[in-house]
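In: Take this sequence and fold it.
(chains A and B)
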Amino acid sequence: MSAPVSMTVNGRKVTANVEPRTLLVQYLRDQLGLTGTHVGCDTSQCGACLIHVDGKSVKSCTMLVAQAAGAEILTIEGLSTGELHPMQAAFKEHHGLQCGFCTPGMVMSAVDLVKQNPTPSEHDIRDWLEGNICRCTGYHNIVKAVEAGAKAMGGSHAG
Amino acid sequence: MPDDAVSAAIGGIGAAVRRKEDFRFLTGQGHYTDDINRPGQTHAYLLRSPHAHATLDAIDSTRALAAPGVVAIFTGADLAASGVGGLPCGWLITDKHGKPMVEPPHPVLAQGKVRHVGDPVVVVIAETRDQAKDAAELIEVSYGVLPAAVEATDAIKPGAAQLFDEAPANTCYEWEIGDKAATDAAFAKAKLVARLDLINNRLVANPMEPRAAIGEYESGTGDYTLYTTSQNPHVIRLLMGAFVLHLPEHKLRVVAPDVGGGFGSKIYHYAEEAIVTWASAKVKRPVKWTSDRSEAFISDAQGRDHASHAELAMDENGKFLGLRVETVANMGAYLSTFAPAIPTILYATLLAGTYTTPAIHVAVRAVFTNTVPVDAYRGAGRPEATYLLERLVDVAARVAKLDPAEIRRRNFIPTDAYPYQTPVALQYDSGDYFKTLDMALKTADRDGFEARRAEAAARGKLRGMGIATYIEACGIAPSAVAGALGARAGLYETAEVRVHPTGSVTLFTGTHSHGQGHETTFAQLVASGLGVPVELVEVVHGDTSKIPFGMGTYGSRSLAVGGSAVMKAIDKVVAKGRKIAAHLLEAAEADVEFADGTFRVSGTDRTKSFAEIAFTAYVPHNYPIETLEPGLDETAFYDPKNFTYPSGAHVAEIEIDRETGVVEVVKFTAADDFGRIINPMIVEGQVHGGLAQGIGQALYEAAIYDKDGQLLTGSFMDYCMPRAANLPMFDVATNVTLCTHNPLGVKGCGEAGAIGAPAAIMNAVHDALSPLGDIHVDMPATAHKLWHLIQSHPESQSPAQAAE
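Out: Numbering: from 1, shown residues only, chains lettered A, B, ... in the order given. Here you go, the predicted structure:
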């Protein structure tokens, strides 16, 4: 066992007591029960595990828990309370999800994109989502959803 | 059915209702199998063969058993001693000599031999997944490595490694369909012949959710539960219960909760399901297994993998006279659940395509190799048929010196020829191939293409346009015919419509949704049928303890077969409701009509709402109890009368960069005919996804094995999945010709994109490369392949030449 690691997850202070090799995604899923963050590959390619660490999108399969010491972590479960976040709402409105497995990673990635680029073009969106694989939608409706979500966020939502 | 305005208001048929399932997925509250954790759960890890072909000798687990956290270790010998059977195949093909296919045993854990990299050998069960994985590294397995047979066309040659003693020349079956004499006669009188050899590349389905399974045994009751990533939980219960573990259905519950995509790969009964279920009784604790992606690449059934030779005989006007096809189909190391049916019933019967070709003969040889088993992947046989035929038709156009659209129109089945009997068993019920082709060409602005090609050439790009039309057979059926063709189960579907006392409805369906949106689409059927707002309808699927026996979801069958069962159950509910209404309204039953949620005595204003009738059914104070049972809960089974036949035309426009060989899909147009459309938003989404997979096959994806049977493309680093930047926005349109033999007139839409797109893209690639001369490129048309091709044709280097 390594030394305890403390961080904030979705606004809640938590302390992890895990084996040193434990990945952040394993901790979130197995210890905290935050199963909205998914594991779709083992080579950091698919982006199903994408979350925000200190406000930036990170694939949580590429980080050890120890690397998250003191970090502010936001997962899909913490993105909204009750009402859907404008990006989530846009995915629903534009049918940007089918099986739903890549969806949390896609939404978290899109929110970070809009924070960095409030008015992304289609090209910007496709380019940004290079690290998120979807097998269901052909990305068409995801691109539409992100365009609409960006408009709806309008720079006002904290995300 | 309600009129359009009513339908839109209640979320009925034809309305683009936003999906009921989305909220939980968008907020991280889906429940996929790996999200489920059972009290006291252990974790299984499978030690798999690193060799493609080897004898399996001693297995020494001594050190592993002593490793931290290890609960138990089992091998094939343990399963055999326990009477565990092999994994069954669900389809028996009878060969051209009238003999049954060779059907070797498929042990759950390898026995005696391993036959592909990834063949499971030992299961380690431990307190944590990491402990199971660590312990597996301590197991010593002695293998006697054998030469491997990898490509199907090599595996049938003399001297090739033999997988099974009972399968000489590694042949599972040699099968044929059509009239050989008539086809030979057609070629004898042909003025023109087009010929083509092509490969249909092997693919990995890669749903984003890796497979997972949890087995749980209740020692107090003897009940088993299996949670699994399946497209058809009842099929798994039947196959695993009856053939593998010998558990009666009433003691075995199979739950397929939220499933993160399937595309065919989650139809089959897999070894891991049987292992965790069996082991949970051995260790008296739940056993969970979740696949890594790397493991998925060597254990999920793969798709396609055909090598074919095709010839098309024509008269001097380009009219098709005869088609001759020989195909070698790779089955992989064992027969997966539906594998034998794919290159036969779902491929060869589709080779008439959209055309009137009067004589067709197809010979198929299915071959075992030391590779991962091959089974249905989105389209399953129909993409292979469409790709072969539509590439061949483009070659034929060149041979006949005809425009690709014109040669297709000359040979299309006329719109007044339905029902149309093909020479390869199928009878098409409806369609209009002229209309969808015209729609697609117009949307794709074919008239403006040559100007765009010239403009691209000036930029140093090779631009091409490709057309593909397709027909597919969906909703496999009827059960008796499927049985005659070798299906070992009926292929009907079930629905139960349970109306609650206050008029809300729960619909139980035997189909399964793993991305298709059934919780919404099926609720729309109930909304239209009973006049109940879609919000008051809940769809339940995926749990054998809740739903009636049903066959699940594959082959675009859910709406055509499952939806038809829903409509039949609705009819029964309405029929009973009319009886209750007649009693309450003191009218003759024949005088009571039902529309838009209201029972009415014809020609009067005497009415009862659907909710009032529901309440009366359950609280029968004023009720004809002597002649009518209380309750409003009806089940119906629907056995299709025929396949359904979606069809369409796809047009791809691409550019190839001469300097890099990279193909850019500039524009893609799909005009499809799916019959009646229930939710246009969901249908478009299905088309988009299918197109992405079809474009992926054409340009990016391939499961490549080396000569020793090692999968070289075994991760997302090596197997090129289409990304957002690889695809364009799609132009999709639909024409509607109704299916003539199911109550909804629906045909199915789930596979069309993957069926039409590969041929359209590859025809466009060949069109773009036409300045290079008469060449053939197999899929995937990667940058590497095209760059070499362009480099080896220096005469094509001038943009001016290319523009000619």
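In: Got the confidence number for whichever residue of chain B sits closest to chain A?
Out: For chain B and chain A, the shortest gap (C-beta to the nearest C-beta) falls at B:G28, measuring 1.8 Å. (Glycine included, C-beta is placed from N, CA and C.) We have a pLDDT of 97 for B:G28.
In: Need phi/psi at it.
Out: Main-chain dihedrals, B:G28, degrees, to the nearest 10: phi 80, psi 20.
In: same thing with B:G466?
Out: Backbone torsions for B:G466, taken as degrees, to the nearest 10, come to phi -130, psi 140.
In: check contacts around it.
Out: Residues near B:G466 by C-beta atoms under 8 Å, 6 or more residues apart in numbering or on different chains: B:394, B:404, B:651-654, B:759-767.
In: can you do 6 Å?
Out: Each residue near B:G466 by C-beta atoms under 6 Å, 6 or more residues apart in numbering or on different chains is listed here: B:A652, B:A760, B:N763, B:A764, B:D767.
In: Could you do B:H31 as well?
Out: Contacts of B:H31 (C-beta under 6 Å, 6+ apart): B:P257, B:D258.
In: Quick check on the contacts of B:G466: which are buried?
Out: Taking 16 or more other C-beta atoms under 10 Å in any protein chain shown as the criterion, what is buried in the contacts of B:G466 is B:A652, B:A760, B:N763, B:A764, B:D767.
In: Not counting sequence-adjacent ones, nearest residue to the fourth one?
Out: Distances taken as C-beta to C-beta, 6 or more residues apart in numbering or on different chains put B:G466 closest to B:A764, at 3.1 Å, once the chain neighbours are dropped.
In: For the one you found, list each beta-bridge partner.
Out: Beta bridges link B:G466 to B:A652 when assigned by DSSP bridges.
In: What about the one residue in chain A that gets nearest to chain B, how many residues nearby?
Out: Nearest to chain B in chain A, going by C-beta to the nearest C-beta, is A:G36, at a distance of 1.8 Å. A count of neighbours around A:G36, defined by other C-beta atoms under 10 Å in any protein chain shown, yields 27.
In: That one: what's it in contact with?
Out: Listed by C-beta under 6 Å, 6+ apart, the contact set of A:G36 reads A:I76, A:E77, A:P104, B:G28.
In: For the nearest residue to the second one once chain neighbours are set aside, grab the count of nearby residues.
Out: Translated: A:E77. Spatial nearest neighbour of A:E77, excluding adjacent residues (C-beta to C-beta, 6+ apart): B:G28 at 4.6 Å. Neighbour count of B:G28, defined by other C-beta under 10 Å: 23.
In: Okay, and which of the contacts of B:G466 map to helices?
Out: Secondary structure from DSSP state H places B:A760, B:N763, B:A764, B:D767 of the contacts of B:G466 in helices.
In: Just confirm the third one contacts B:G464, I think it does.
Out: Yes - between B:A764 and B:G464 a contact is recorded at 4.3 Å, counting by C-beta atoms under 6 Å.
In: so which strand or helix has B:V665?
Out: strand B:663-673 (DSSP states H and E).
In: helices or strands next to whichever helix or strand comes after that strand in the packing?
Out: Downstream of strand B:663-673, the next assigned helix or strand under DSSP H and E is helix B:680-699. Using 3 or more C-beta pairs under 6 Å, 6 or more residues apart in numbering or on different chains; DSSP states H and E, the elements in contact with helix B:680-699 are strand B:730-734, helix B:752-768.
In: Can you pull the residues of chain A lying near chain B?
Out: Selection of chain A residues close to chain B by C-beta under 6 Å from any C-beta of the partner chain yields A:35-36, A:40-43, A:45, A:76-77, A:88, A:91-92, A:95, A:97-104, A:126-127, A:129-130, A:133, A:135-141.
In: Now the residue of chain A closest to chain B: closest residue in space that isn't a chain neighbour?
Out: Here the residue nearest A:G36, using C-beta to C-beta, 6+ apart, is B:G28, at 1.8 Å.
In: Could you give the number of residues near the residue nearest to B:A768 when sequence neighbours are not counted?
Out: Sequence neighbours aside, B:G464 is the residue nearest to B:A768 in space, at 2.8 Å (criterion: C-beta to C-beta, 6+ apart). B:G464 has 25 neighbouring residues, counting by other C-beta under 10 Å.
In: can you give me the strands for chain A?
Out: With strands called from DSSP state E, chain A shows them at A:5-9, A:12-16, A:50-53, A:56-59, A:72-74.
In: Give me whichever of these is most buried.
Out: strand A:50-53 (a mean of 25; mean count of other C-beta atoms under 10 Å in any protein chain shown).
In: Neighbouring strands - and their directions - for it?
Out: Assessed with DSSP bridges, strand A:50-53 is paired to strand A:56-59 (antiparallel), strand A:72-74 (antiparallel).
In: Mean pLDDT for the ones you listed - can I get that in CSV?
Out: Below are these laid out as CSV (pLDDT from 0 to 100):
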stretch, mean pLDDT
strand A:56-59, 98
strand A:72-74, 98
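In: okay if I get these as a markdown table plus distance to B:L109?
Out: Below are the strands paired with strand A:50-53 laid out as a markdown table (distance: least, C-beta to C-beta, whole Å):
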| stretch | distance to B:L109 |
| --- | --- |
| strand A:56-59 | 34 |
| strand A:72-74 | 40 |
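In: would B:G144 count as being in a strand?
Out: Yes - assessed by DSSP: H, G, I helix; E, B strand; the rest coil, B:G144 belongs to a strand.
In: what about stretch B:719-734, how long is it end to end?
Out: For stretch B:719-734, the first-to-last residue distance is 33 Å (C-alpha to C-alpha, to the nearest Å).
In: How about stretch A:8-22?
Out: End residues of stretch A:8-22 are separated by 17 Å (C-alpha to C-alpha).
In: now do stretch B:342-357
Out: The straight-line separation of the ends of stretch B:342-357 (C-alpha to C-alpha) is 22 Å.
In: Contact partners for residue 60?
Out: By default, I'm working from chain A. The contact partners of A:S60, taken as C-beta under 6 Å, 6+ apart, are A:L24, A:V25, A:C49, A:I51.
In: should've been chain B
Out: Contact analysis of B:D60 by C-beta under 6 Å, 6+ apart lists B:E140.
In: Tell me the spacing between it and B:I755.
Out: Distance, B:D60 to B:I755, by C-beta to C-beta, to the nearest Å: 49 Å.
In: before we move on, what about B:L138?
Out: Relative to B:I755, B:L138 is positioned 47 Å away (C-beta to C-beta).
In: Please apply the same query to A:M63.
Out: Distance of A:M63 to B:I755, computed by C-beta to C-beta: 41 Å.
In: More neighbours: these two, which one.
Out: B:I755 (34 against 19).
In: wait, isn't the more buried one in contact with B:G381?
Out: No - at 9.6 Å, B:I755 does not count as touching B:G381 under the criterion of C-beta under 6 Å.
In: Could you chop chain B up by domain?
Out: By the assignment in automatic domain parsing, chain B contains the domains B:4-30+B:492-638, B:39-152+B:205-299, B:429-489+B:641-804.
In: thinking again about what came up before, the residue nearest to A:G36: what's it in contact with?
Out: A:G36, A:I76, A:E77, A:P104.
In: Counting neighbours, which of those comes out on top?
Out: Ranked by the number of neighbours (other C-beta under 10 Å), the contacts of B:G28 place A:P104 first, at 31 neighbours.
In: Near chain A, which residues of chain B are found?
Out: Taking C-beta under 6 Å from any C-beta as the criterion, the neighbours of chain A within chain B are B:18, B:22, B:25-26, B:28, B:30, B:35, B:206-209, B:260-261, B:292-294, B:514-515, B:681, B:685, B:688-689, B:691-692, B:715-717, B:721, B:723-725, B:727, B:729-730.
In: What subset of these is buried?
Out: Buried among these by 16+ other C-beta under 10 Å: B:18, B:22, B:25-26, B:28, B:30, B:35, B:206-209, B:260-261, B:292-294, B:514-515, B:681, B:685, B:688-689, B:691-692, B:715-716, B:721, B:723-724, B:727, B:729-730.
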